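>>> I would like the atomic coordinates for the input below:
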Amino acid sequence: MSGIEAAGSKRLVLVSGRAHPALAEEIAREVGSELVPTDARTFANGEIYARFDESIRGADAFVIQSHTSPINEWLMEQLIMIDALKRASAKRITVVAPFYPYARQDKKGRGREPISARLVADLFKTAGADRIMSIDLHAAQIQGFFDGPVDHLFAMPVLLSEFKETLDPSTLTVVSPDMGRVRVADIWSDKLGAPLAIIHKRRDPLVPNQVSVHEIVGEVAGRVCLLVDDLIDTGRTIVKAAEALKDAGAIGVVVAATHAVFSDPAVEILQSDFIDRVVVTDTLPVPEEKRWDRLTVLSIAPLLARAITEVFEDGSVTSMFDGAA
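Numbers count the residues shown, from 1 in each chain. Coordinates of the predicted model:
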């Protein structure tokens with residue numbers, strides 16, 4: 001039988017959707033467990049079916065799913081798996097969604113818009129989830145959309161360890177690509193001992209994925225700039241920011257992001273001469289055809305495995321981040 005037994009016959013069970021099986025398997029290895037064998041399939045008309053091949057009764061179940069394209073299919077699969085766990089008498093069900101679906105629709109920017117991130121939280125709750133675990137939410141307020149515990153993890157320690165080895169803090173400037181990421185970039189600058197710069201940009205609300213870059217606040221001339229963001233979708237925003245930095249005299253631009261959404265034509269755009277290197281984690285699958293020589297993909301599995309273990313053992317997830325979580 002898959003899973004880990006703890007004192008008092010407590011049992012940890014890991015199940016995974018089909019979106020990113022490699023990540024789920026690596027998490028299971030890090031936890032020291034195995035994924036529960038699951039019969040998951042899509043019928044000819046598009047309906048999804050899921051059944052677990054062993055008993056889940058009384059288990060502490062973690063449902064792992066990465067919300068990559070086609071995002072609606074993988075969201076529906078995770079909801080169906082949660083429902084199956086609930087009906088199989090799992091004691092507690094935790095949604096492990098490294099990249100929270102619909103996170104960018106977290107508020108009403110204009111009239112008659114949905115708040116889809118809240119809708120997703122309601123769907124998880126209705127399906128039977130007791131808890132949500134996610135990494136680098138697009139907006140921290142999403143934690144309040146779910147009526148239950150939310151473990152908001154940070155990929156910063158994983159990314160920081162890479163840059164502490166490869167970047168010289170004496171010539172480095174941390175750059176926030178917009179006003180909304182200033183707080184996160186400020187923490188980065190403290191951790192790396194490097195000054196902070198901010199790009200002030202303006203979006204046209206009627207044109208998606210397009211940004212007009214405006215002035216840069218801070219000193220970037222003659223420095224290597226580390227652009228930090230939570231996700232890269234089409235890449236247009238980040239390339240325009242990199243271009244503005246190079247135009248302002250930056251000698252190098254390195255991009256760090258947690259979630260590699262990489263919607264077409266991101267791979268072509270990100271190979272721009274304005275960007276010297278891109279570093280992401282594997283919260284979302286990055287297939288070989290979406291990789292290039294200046295891209296580094298770091299494993300997020302050890303972080304998720306540790307968080308899952310802390311939750312299972314009633315430990316402290318916050319302690320993983322020096323109390324900053």
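>>> contacting residues for Val120?
By Cβ atoms under 8 Å, 6 or more residues apart in numbering, the contact set of Val120 is Leu75, Tyr100, Pro101, Tyr102, Phe145. Any C-beta I mention is one placed from the backbone N, CA and C, and that applies to glycine too.
>>> Take these and keep only those in helices.
Among those, the members found in helices (DSSP state H) are Leu75.
>>> Val286 and Asp293, how far apart?
Going from Val286 to Asp293 by Cβ to Cβ, to the nearest Å gives 14 Å.
>>> Looking at those two, which one has more neighbours?
Neighbour comparison, Val286 and Asp293: the larger count goes to Val286, with 18 against 7 (by other Cβ atoms under 10 Å).
>>> what's the helix or strand for the more buried one?
Following DSSP states H and E, there is no helix or strand that holds Val286.
>>> List the contacts of the residue nearest to Val158 when sequence neighbours are not counted.
Of all residues not flanking Val158 in the chain, Leu298 sits nearest, at 5.4 Å (Cβ to Cβ, 6 or more residues apart in numbering). Residues in contact with Leu298 (Cβ under 8 Å, 6+ apart) are Val158, Leu159, Glu162, Val279, Val280, Thr281, Asp282.
>>> Likewise for Asp276?
Residues counted as contacts of Asp276 (Cβ under 8 Å, 6+ apart) are Gly252, Val253, Val254, Arg294.
>>> Separate out the buried members of these.
The neighbour-count test (16 or more other Cβ atoms under 10 Å) marks Gly252, Val253, Val254 as buried among those.
>>> Provide a list of residue ranges in the stretch 151-300 of the chain with pLDDT below threshold.
Low-confidence segments of the stretch 151-300 of the chain (pLDDT under 70): 202-205, 209-213.
>>> average pLDDT across stretch 301-308?
Stretch 301-308 carries an average pLDDT of 98.
>>> Check stretch 100-115 too.
97.
>>> Export it to PDB, keeping only CA atoms.
Extracted in PDB, the C-alpha atoms of stretch 100-115 (Å, rounded to 0.1, in the frame of the first residue of the first chain):
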ATOM      1  CA  TYR A 100      -2.700  28.600  -8.500                       C
ATOM      2  CA  PRO A 101      -5.200  28.600 -11.500                       C
ATOM      3  CA  TYR A 102      -6.800  31.900 -12.500                       C
ATOM      4  CA  ALA A 103      -4.600  33.800  -9.900                       C
ATOM      5  CA  ARG A 104      -4.300  36.900 -12.100                       C
ATOM      6  CA  GLN A 105      -8.100  37.400 -11.900                       C
ATOM      7  CA  ASP A 106      -7.900  38.300  -8.200                       C
ATOM      8  CA  LYS A 107      -9.900  41.600  -8.200                       C
ATOM      9  CA  LYS A 108     -12.200  43.700 -10.300                       C
ATOM     10  CA  GLY A 109     -10.200  46.100 -12.300                       C
ATOM     11  CA  ARG A 110     -13.300  47.300 -14.200                       C
ATOM     12  CA  GLY A 111     -17.000  46.900 -13.900                       C
ATOM     13  CA  ARG A 112     -18.700  43.600 -14.800                       C
ATOM     14  CA  GLU A 113     -15.500  41.500 -14.400                       C
ATOM     15  CA  PRO A 114     -15.400  38.200 -12.500                       C
ATOM     16  CA  ILE A 115     -13.000  37.500  -9.600                       C
END
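>>> buried residues in it?
Neighbour counts over stretch 100-115 (16+ other Cβ under 10 Å) mark Tyr100, Pro101, Tyr102, Ala103, Gln105, Asp106 as buried.
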